[in-house]
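> Attaching a predicted model along with its sequence, questions to come.
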Amino acid sequence: MFGFSDFVGFLLALLLIYPVVSLVHELGHSFFAWIFGGEFSFSLGRGKTVFKKGPFSLNSMYFLDAFSEYEHLKWNNRLTHFLVHAGGIIFNLGSVLVLNILISQGFIEPHTIFVRYSYFSVWLATFSLIPVDYGNGNYSDGLAIYHVLRYNEWPKLTG
């Protein structure tokens, strides 16, 4: 049964955990764009911008979606574009690995929040890999990676 405690857990996941997972994902894309000398920006959420600092913006509906954009990589080749598009997936799965190591080594105690964070991180990484054309030249990470590797194209980053 879905009780009150489940509803509180759902709200915690929706309003806190999933936005953190999305932020980690976008930081992955931005990190690799930055490492390779690119210009980048990323935004958490949709709706009216409530906060903007440098390349980061936070929108009023922060729990809905997130996206990054990059251009003009100083090192402009298949590997660098592959890593930028795969960066979100790498950061999501890497954060789960680090979290599991910290728990297994006793640095932090296991908690339901970490289980939910890991679940959403793996979920987001998995669904990011599904090749989807969103239209207007916007691709999922998986389809963008395919275009980089197969056609030597640098698609627009939307994930």
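Noted; the coordinates are in hand. Numbers count the residues shown, from 1 in each chain.
> Please make it C-alpha for all contacts and neighbour counts, starting now.
Noted.
> on contacts alone, who are the packing partners of the helix ranked longest in the chain?
Counting by DSSP state H, the longest helix found in the chain is helix 78-104. Here helix 78-104 touches helix 18-35, helix 112-129, helix 141-151, going by 3 or more C-alpha pairs under 8 Å, 6 or more residues apart in numbering; DSSP states H and E.
> Can you point out the buried residues in the last one?
Think helix 141-151. 141-148 (16 or more other C-alpha atoms under 10 Å).
> Please save the CA atoms from it in CSV.
These are the backbone C-alpha positions of helix 141-151, laid out as CSV (Å, rounded to 0.1, in the frame of the first residue of the first chain):
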residue,chain,number,x,y,z
ASP,A,141,23.1,11.5,-24.9
GLY,A,142,23.1,8.0,-26.5
LEU,A,143,22.1,9.3,-30.0
ALA,A,144,24.6,12.1,-29.7
ILE,A,145,27.4,9.6,-28.8
TYR,A,146,26.3,7.5,-31.7
HIS,A,147,26.6,10.5,-34.1
VAL,A,148,30.0,11.4,-32.7
LEU,A,149,31.4,7.9,-33.1
ARG,A,150,29.7,6.8,-36.3
TYR,A,151,29.5,10.0,-38.4
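> Please dump the helices and strands packed on helix 78-104 into CSV; it should also carry distance to residue 67 and mean pLDDT for every row.
Putting the helices and strands packed on helix 78-104 into CSV (distance: least, C-alpha to C-alpha, whole Å; pLDDT from 0 to 100) gives the following:
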stretch, distance to residue 67, mean pLDDT
helix 18-35, 7, 97
helix 112-129, 12, 96
helix 141-151, 11, 95
